[in-house]
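Q: Model the structure of this input:
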Amino acid sequence: MSSTEKLESLPAEATATEANLELASSNPPRPTPVPSVSLTVGVDAAAFETASQILQVITRYSLKRSTDTTAKADEGVMKYLAVIYSYVKAGASIPMALPGFPFKSPNSQEKVLGKLPDRAEELSLAHLNSICLSIKDIYPPGANLTIISDGLTYNDLLGVSDKDVWKYGETLRAIATAKGHKHIIFSRLQDLVTITLPEELDEMTYVANASNFRRALLNGFGSPDWTWETASQREDVQLTYKGYIKALGIDLQHMYNFKDDESGTRFRQGVEHIAQQMLARGDAFANAIGQKYKDYVRLSIHASTGAAKLSINLLPTESSYTTPWHCAVAYKLDGTTTTGRRADFDKDDSYELVYENERPSYYREKSPLLSWGTEKGGVVFEPIYPTGWFIRPTNGPWSMSLDDVNVEKVRSLCEINSPVILRGFVKKPNKEEFSKKAEEFGKPLKWNFGTLLEVKDRGSDTRGLNNVLSSEPMPFHYDGVFRTVRQTNESGEEVRVSTPPRFQIFLGATSSPKDTGYTLFASSTHIFKHLPGWLRLQDMAAMTWTVSTDAFRNIIIRELPLIKTHPTTGKPCLRYHEPWGTEKTAHLPTDVRIDGLEAADSEAICEAINTVLHDRRVVYFHSWDKGDVIVNDNTLMLHTRSEFISGADRELWRIHFD
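A: The predicted structure follows:
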């Protein structure tokens, strides 16, 4: 197939971003070279390189700068590179500080779903925790992010009660604990000021001292000579001011009774005055943070020039930037998210409002795939960050069994968004029952070992499966890349053709350790969103690759397409095997090359793909509970396994089906 034919075979989504593009198959794109840095005497080169990688991780989450903003990111990069370097050299965890998460917008009629954190905050905390986890992936001491609530700094200006600020903060902490976000730390205004308080701060004590907190902040850290006229000359202040004006106009629109033109003018003037008061208090708040957290990497929710702080996006959405306390979040069936006003989602017939803990929480794309088993109480669907769905019986674990699972709907759902995880349907794993259910999903695929594979650590007994039955980490791959048939090509040559299965179904025969032995899943839906700009989908559609290994009877497979069109959804999917050299495995290595390219070009493309595959905004880490059933689309997804302690109680059963 020619390059043009390959491009034309992709669905519209794959080519819609640019018109009349020519594929650069003979001259593939290359990353822009990074200028070398001459290190002065005494600089630890290894620590400097690690610090640079950590800063690159943080900047993945950057807030896109508006076109009218002066770019001073180089100043911030140099400042925080030095901060990070000092911690890396000492082998210490990287501390980051983020002011924010004050309280929900007071406009719950049109803007937000209520006064308490909902799925928007839950998604944001997962997104922020993933920054720390991504740093830990490359730097074992890891990182921690301290969220410093600024709720009491501003709430009285917006008519939000001190009690509501307390409840918002307590609910945030409960979410972080329930979801296991161990790298998120919370701080309140009380941690920035010195006033006499009881050792245990409860709701009543907090509310009683709220005014004291604010007074101590302004008295201790406010600038006596602060004026709006002077402060407004700073670009960062102007950017924040514009954001405040935009938000306050909606936040306060139902709080004050302004109807005619004259009063409308007074409302706008009042909004401007409140915004200026917020900036004055924000200056005191920033001064306090600067003293308390002066050696931290300072993150910000506000747009900035990049000189003094690193502005990040709190939500992994495809819509315009906002914060979780100023919006509602909506999940599409494919796992992508968007944000907006609740009033707009309420008017959109393609979405439905989902309640959690008897409160409205988020919007979800309507689909008949998200409802079955009603005769036994139905099931709960929970979207996973960053990909997949959890499905549980509504009436609790084991109120439904594997027999009750609607295979048609689960299979169809996993083709759109995988993995689909069924938890609470299997109390006691049974091979016969599992195999019987797999046959309902499709035609099971037989291998040399049979249909069902017991995946567990067998030490040096590979059983012809290389490192599959070990405790080693594995490369990202799709199952069956080495399952081939011999065919004759157009030149009359006999070649090996890869014939992978369409789906996998797993069952957790045991629970696995909670901090190791993860199964990792990466979706093409998210992979393509985060590839570097120089590696374009339309170029990748023209590429093929060759994989070779001494395992699986010394196999070599040539001209595998890097992009495959999904047989059901028509969307482009990445088909790839991560290169896995002798430095990564005690078993047989696997070599991967992009066809027709110089070695340096091939390595650059593979490295770019590898980086995205391990990006926490893309990959879901699954920790197994006994009885978990996972159905996964083997075309949409790539998957792998992290290492675990040899001999650990970790066993999965796997069946492939078409």
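
Q: switch to C-alpha atoms for all contacts and neighbour counts from now on
A: Will do.

Q: Return the set of buried residues in the top helix by length along the chain.
A: Ranked by residue count, the top helix of the chain under DSSP state H comes out as helix 261-292. Neighbour counts over helix 261-292 (16 or more other CA atoms under 10 Å) mark 267, 271-272, 274-289 as buried.

Q: hey, C-alpha coordinates of the helix or strand following it in PDB?
A: Next helix or strand after helix 261-292 toward the C-terminus (DSSP states H and E): strand 297-300. Written as PDB, here are the backbone C-alpha positions of strand 297-300 (Å, rounded to 0.1, in the frame of the first residue of the first chain):
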ATOM      1  CA  VAL A 297       8.400  24.700  43.100                       C
ATOM      2  CA  ARG A 298       5.600  27.200  42.900                       C
ATOM      3  CA  LEU A 299       2.700  26.200  40.700                       C
ATOM      4  CA  SER A 300      -0.300  28.400  39.800                       C
END
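
Q: and strand 297-300, what's its mean pLDDT?
A: Per-residue pLDDT over strand 297-300 has a mean of 93.

Q: Name the strands paired with it and say parallel or antiparallel.
A: Next to strand 297-300 in the sheet, as set by DSSP bridges, lie strand 94-99 (parallel), strand 310-311 (parallel).

Q: Residues contacting that strand, please?
A: If you take CA atoms under 8 Å, 6 or more residues apart in numbering as the criterion, strand 297-300 is touched by 80, 83-84, 94-99, 308-312.

Q: Would you reformat those residues as TSV and include distance to Asp591 and pLDDT?
A: Shown next, in TSV, are these (distance: CA to CA, whole Å; pLDDT from 0 to 100):
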residue	distance to Asp591	pLDDT
Tyr80	37	90
Val83	38	94
Ile84	35	96
Ile94	35	98
Pro95	38	98
Met96	39	97
Ala97	42	96
Leu98	42	96
Pro99	46	95
Ala308	44	62
Lys309	42	76
Leu310	39	88
Ser311	39	87
Ile312	37	91
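
Q: Average pLDDT for the longest helix of the chain, rounded please.
A: Mean predicted confidence for helix 261-292 is 87.

Q: cool, and stretch 334-353?
A: Averaged across stretch 334-353, the pLDDT comes to 96.

Q: Show me what counts as buried in it.
A: In stretch 334-353, counting by 16+ other CA under 10 Å, buried: 334-342, 345, 351-353.

Q: Please tell me the pLDDT value assigned to Gln233.
A: pLDDT at Gln233 comes out at 81.

Q: Confirm that it sits in a helix.
A: No - looking at Gln233 with DSSP: H, G, I helix; E, B strand; the rest coil, it is coil, so not inside a helix.

Q: For it, give me its contacts.
A: No contacts exist for Gln233 under CA under 8 Å, 6+ apart.

Q: Could you tell me how far it is located from Leu218?
A: The gap separating Gln233 from Leu218 is 22 Å, by CA to CA, to the nearest Å.

Q: now do Gly570
A: From Gly570 to Leu218 the distance is 58 Å (CA to CA).

Q: just Trp580 next, same as before
A: Distance from Trp580 to Leu218, by CA to CA: 57 Å.

Q: Look at the two and report which has more neighbours.
A: Leu218 (21 against 17; other CA atoms under 10 Å).

Q: quick one, what contacts the more buried one?
A: Leu218 makes contact with Arg281, Ala284 under the criterion CA under 8 Å, 6+ apart.

Q: just the one 5 residues further on next, same as before
A: Under the criterion of CA under 8 Å, 6+ apart, the contact list for Ser223 reads Asp283, Ala284.

Q: could you give the angle of the longest helix of the chain to strand 94-99?
A: Angular relation of helix 261-292 and strand 94-99 on a 0 to 180 degree scale: 160 degrees, by axes from the mean of the first three to the mean of the last three CA atoms, to 10 degrees.

Q: helices or strands next to helix 261-292 in the packing?
A: Counting contacts by 3 or more CA pairs under 8 Å, 6 or more residues apart in numbering; DSSP states H and E, helix 261-292 is packed against helix 151-154, helix 203-221, helix 235-251.

Q: in the stretch 401-550 of the chain, what spans have low per-residue confidence?
A: Residues of the stretch 401-550 of the chain that meet the criterion pLDDT under 70 lie in 460-464.

Q: surely Ile655 meets Pro444?
A: Yes - at 6.8 Å, Ile655 counts as touching Pro444 under the criterion of CA atoms under 8 Å.

Q: Identify the contacts common to those two.
A: Ala438, Thr451.

Q: Please, where are all the helices along the stretch 351-500 of the chain?
A: Using DSSP state H, counting those that start in this stretch, the helices found in the stretch 351-500 of the chain span residues 407-416, 431-441.

Q: pull the CA atoms of the longest one into PDB?
A: What that stands for is helix 431-441. The C-alpha trace of helix 431-441 is given here as PDB (Å, rounded to 0.1, in the frame of the first residue of the first chain):
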ATOM      1  CA  LYS A 431     -11.500 -21.700  35.600                       C
ATOM      2  CA  GLU A 432     -14.500 -23.500  34.100                       C
ATOM      3  CA  GLU A 433     -16.900 -20.700  34.800                       C
ATOM      4  CA  PHE A 434     -14.400 -18.100  33.500                       C
ATOM      5  CA  SER A 435     -13.800 -20.100  30.300                       C
ATOM      6  CA  LYS A 436     -17.500 -20.600  29.700                       C
ATOM      7  CA  LYS A 437     -18.100 -16.800  30.100                       C
ATOM      8  CA  ALA A 438     -15.200 -16.100  27.700                       C
ATOM      9  CA  GLU A 439     -16.900 -18.200  25.000                       C
ATOM     10  CA  GLU A 440     -20.000 -15.900  25.300                       C
ATOM     11  CA  PHE A 441     -17.800 -12.900  24.500                       C
END
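
Q: so the strand or helix carrying Arg173 versus helix 203-221, what angle?
A: Remark: Arg173 resides in helix 162-178, with elements defined by DSSP H and E. For helix 162-178 and helix 203-221, the angle between their directions (the same axes, to 10 degrees) works out to 100 degrees.
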